[in-house]
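Visitor: Prediction below, plus the sequence it came from.
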Amino acid sequence: MVNHPAQPTLPPDAGDDRPDEKKTFEELRTLLLGSEQQQIATLRERVQNPELRAQDVSGVVAEAIELRRGQDGGHSLSDALAPSVEEVLKESVRKDPTVLADALFPVMGPAIRKSIAESIRAMLQAFNEALEHSLSIRGIKWRIEALRTGRSFAEVVLLRSLVYRVEQIFLIHKKTGVLLQHVVAPEVAMQDPDMVSGMLSAIQDFARDSFYATQRETLNTLQFHELQIWVEQGPQAILAAVIRGNPPQALLVTMKEKLEEAHRRFGLALDKFEGNAAPFEALRDELAQCLEARYKQEARAKPKPYFLVLVALLLGLLVVWKAFSLGEDRKWNRFVNDLREQPGIVVTSFGKEGGRYRIQGLRDPLAVDPRTLLNKSKLDPNHAEFRWHVFYALDDPLVLKRAQEILQPPAGVTLSFENGTLRASGESPHGWARMMRARAPLIAGVKALDESGLDDADSLARQKAAVESATVYFATGSAEVAADQKARLEQAAKAIEMLLQRAATIPENVVVEVIGHADSTGAEATNFYLSQQRASQVGRELARAGIKAKFLRARGAGAAEPVETGDTDADRQSNRSVTFRVLLAESAGGR
């Protein structure tokens, strides 16, 4: 720091000259200390400005962290940063878990797949071993031993078929007893490896102290039931192997080679070891090569002739049973196919469950009983279970059967059904046809009714109505049938002929009364005579058309029986006419 000389004190009477002196002093100070003052101002700005200070720190923070890690191994720095890093991770997960998930995705996928693959491989290995040893006399003996000793079958198989297996490898720092690396075989239960390594070191020290051994003398082997622990020592590290069974001496050579490899690659790290075992992770694959296993290879005995006969017999029985089962299934399939062809039956599902064939679907109450078909197919009804829901089928045979049950036609009537039309033919008693017309439209599947081929008493009534609806009109004062009325007269003749034919089949006595009419104009006597003439003329025309006279009766009514009671021209025209009335008289003995 530069020491500046004190400024001279001006006398009181020098007040007029002080501004010039001060200016001169400032110029002198600027010349002497200008660059230092500018640097001080720049430093003050960098220290007091948070943005500039952050830029300066960001440029050296990485080097500072690296330098601090090299000074104390990174422990104090890790301890200082751990709370902040943990808090940052918690806050990040709370705000958006997908960020951390995306970051871990490249690592989690391979780790999970590897774990699953190892689990599946171990499961398959255990399953294969169980299958190999279960279906044999030896396997049965081992199962009995497992029940007797309380061990699992897999453990008994392992003990009886295993020659040796290296289950765990421990690499321990000799001086401190700290575990450097640990590998373990799949499906091997283990305790805390750090605790085990500490116990091995303690046992080593205990044996050395108890028997006054030198530091060079070491404990090489421990035996505990089926387990052995081989210990190989080096200058700075100990390699211990936990072995089940009787391993060969070649394993000891392998352990020596792996221990020598550890000293060769990590000699300096072992010499300066201060508790960080992370660098020794690179030895994991090397140590895993010591996890060997060997099982007994038993020569397979040649199969005995009786065994081959037994196998052939079992295969033959299996083939026969399978053939019988397939034949039975084919019979039931044919039965179900025949059932589907039956009218009124719809099979919705078919399958075998619990040794019985279950058939479900829809069935019309009038359809054939499936159990009847089952008996014809020579199948056991006890092997079948039917579940039907009721519905009305529209198949022609079933609709006809339903119509016959509802209508119950008499002996002389025949019913037929086709394409939605119900046809009735034959002779029916009085009243049945009327009942048929009322009920037939209500039968499911019947869309139309055809009774053209049916003869019944009700048809006589229709023909009677047809005759009585006929009318022949005349001109004023005339009794001659005009040309334009010939068609009406012919229509009336046909209706009377059909009436007489139907009446003959019942039998029924029929007389058709031909009634002549006249309008109200003119004298009453004249009108009566004219109406009589009109009735007689129509009667003669009907006789010429083929109607026998004994079935006709002509009479004149004059204006006494008017067809229309009005006084219009149309009413008077209606009254100048001939009408018909059918007279019926039942005959017990016929004609």
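Guide: Arrived safely. Numbering: from 1, shown residues only.

Visitor: For the residue nearest to residue 392 when sequence neighbours are not counted, give me its contacts.
Guide: Nearest residue to residue 392, sequence neighbours excluded (Cβ to Cβ, 6 or more residues apart in numbering): residue 444, at 4.3 Å. Any C-beta I mention is one placed from the backbone N, CA and C, and that applies to glycine too. For residue 444, the contact set (Cβ atoms under 8 Å, 6 or more residues apart in numbering) comprises 392, 394, 399, 402.

Visitor: Please verify my assumption that the third one contacts residue 447.
Guide: No: assessed by Cβ atoms under 8 Å, residue 399 is found out of contact with residue 447, at 9.8 Å.

Visitor: Comparing the two, which residue is more hemmed in?
Guide: residue 399 (25 against 12; other Cβ atoms under 10 Å).

Visitor: what about that one, which helix or strand?
Guide: helix 396-407 (DSSP states H and E).

Visitor: Which residue ranges of the stretch 1-150 of the chain form strands?
Guide: Shown for the stretch 1-150 of the chain, no strands are assigned by DSSP state E, counting those that start in this stretch.

Visitor: Give me the residue ranges of it where confidence is low.
Guide: Under the criterion pLDDT under 70, the flagged ranges of the stretch 1-150 of the chain are 1-19, 58-59, 68-75, 77, 100-139, 142.

Visitor: Let me see the contact set for residue 441.
Guide: Applying Cβ under 8 Å, 6+ apart, the residues near residue 441 are residue 449.

Visitor: Next, it: secondary structure please.
Guide: helix (DSSP: H, G, I helix; E, B strand; the rest coil).

Visitor: mind listing what residue 485 touches?
Guide: 472-474.

Visitor: how far out from the middle of the chain is the helix or strand residue 165 falls within?
Guide: Residue 165 is part of strand 162-173 when elements are defined by DSSP H and E. Relative to the centre of its chain, strand 162-173 is centred 51 Å away, using Cα atoms, centre = their mean, to the nearest Å.

Visitor: Output that strand in CSV, but only the C-alpha positions, please.
Guide: Extracted in CSV, the C-alpha atoms of strand 162-173 (Å, rounded to 0.1, in the frame of the first residue of the first chain):
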residue,chain,number,x,y,z
LEU,A,162,-22.7,-81.3,-5.3
VAL,A,163,-19.0,-82.0,-5.4
TYR,A,164,-18.0,-78.5,-4.4
ARG,A,165,-19.2,-74.9,-4.9
VAL,A,166,-17.4,-71.7,-4.1
GLU,A,167,-20.2,-69.6,-2.6
GLN,A,168,-18.4,-66.3,-1.5
ILE,A,169,-15.1,-64.5,-2.0
PHE,A,170,-13.8,-61.8,0.4
LEU,A,171,-10.9,-59.5,-0.4
ILE,A,172,-9.8,-57.9,2.9
HIS,A,173,-7.2,-55.2,3.6
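
Visitor: counting contacts, what elements does that strand pack onto?
Guide: In terms of contacts (3 or more Cβ pairs under 8 Å, 6 or more residues apart in numbering; DSSP states H and E), strand 162-173 is packed against strand 179-184, helix 193-210, strand 237-245, helix 250-271, helix 284-288, strand 293-295.

Visitor: Redo those as JSON lines? Include mean pLDDT, distance to residue 538 and mean neighbour count.
Guide: Output for the helices and strands packed on strand 162-173, formatted as JSON lines (pLDDT from 0 to 100; distance: least, Cβ to Cβ, whole Å; neighbours: other Cβ atoms under 10 Å):
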{"stretch": "strand 179-184", "mean pLDDT": "86", "distance to residue 538": "128", "mean neighbour count": "21"}
{"stretch": "helix 193-210", "mean pLDDT": "72", "distance to residue 538": "133", "mean neighbour count": "15"}
{"stretch": "strand 237-245", "mean pLDDT": "85", "distance to residue 538": "132", "mean neighbour count": "22"}
{"stretch": "helix 250-271", "mean pLDDT": "85", "distance to residue 538": "139", "mean neighbour count": "15"}
{"stretch": "helix 284-288", "mean pLDDT": "86", "distance to residue 538": "130", "mean neighbour count": "16"}
{"stretch": "strand 293-295", "mean pLDDT": "76", "distance to residue 538": "126", "mean neighbour count": "15"}
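
Visitor: of all those, which lies closest to residue 81?
Guide: In terms of Cβ to Cβ, the element of the helices and strands packed on strand 162-173 nearest to residue 81 is helix 250-271, at 24.4 Å.

Visitor: Report the angle between that closest one and strand 237-245.
Guide: 150 degrees (axes from the mean of the first three to the mean of the last three Cα atoms, to 10 degrees).

Visitor: and helix 250-271 with strand 179-184, angle?
Guide: Using the same axes, to 10 degrees, helix 250-271 lies at 150 degrees relative to strand 179-184.

Visitor: Go ahead and produce CSV holding the CA coordinates of helix 250-271.
Guide: C-alpha atoms of helix 250-271 as CSV (Å, rounded to 0.1, in the frame of the first residue of the first chain):
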residue,chain,number,x,y,z
ALA,A,250,-6.4,-76.2,-8.3
LEU,A,251,-8.8,-73.8,-6.6
LEU,A,252,-6.0,-72.7,-4.3
VAL,A,253,-3.8,-71.9,-7.3
THR,A,254,-6.6,-69.8,-8.8
MET,A,255,-7.0,-67.9,-5.5
LYS,A,256,-3.2,-67.2,-5.4
GLU,A,257,-3.3,-65.9,-9.0
LYS,A,258,-6.3,-63.5,-8.2
LEU,A,259,-4.5,-62.2,-5.0
GLU,A,260,-1.3,-61.6,-7.0
GLU,A,261,-3.3,-59.8,-9.6
ALA,A,262,-4.9,-57.6,-7.0
HIS,A,263,-1.4,-56.7,-5.6
ARG,A,264,0.0,-56.0,-9.0
ARG,A,265,-2.8,-53.7,-10.1
PHE,A,266,-3.5,-52.0,-6.9
GLY,A,267,-0.3,-52.2,-4.9
LEU,A,268,0.0,-48.5,-4.3
ALA,A,269,-3.7,-48.2,-3.4
LEU,A,270,-3.3,-51.0,-0.9
ASP,A,271,-0.2,-49.4,0.6
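
Visitor: picking up where we left off before, what residues of the strand holding residue 165 count as buried?
Guide: 162, 164-173 (16 or more other Cβ atoms under 10 Å).

Visitor: Tell me the one among those residues nearest to residue 364.
Guide: Closest to residue 364, out of all of the buried residues of strand 162-173 and judged by Cβ to Cβ, is residue 162, at 71.8 Å.

Visitor: Out of the contacts of residue 444, give me the one that has the most neighbours.
Guide: For the contacts of residue 444, the largest number of neighbours (other Cβ under 10 Å) sits with residue 399, at 25 neighbours.

Visitor: Enumerate every residue touching that one.
Guide: By Cβ under 8 Å, 6+ apart, the neighbours of residue 399 are 393, 417, 422, 443-446.
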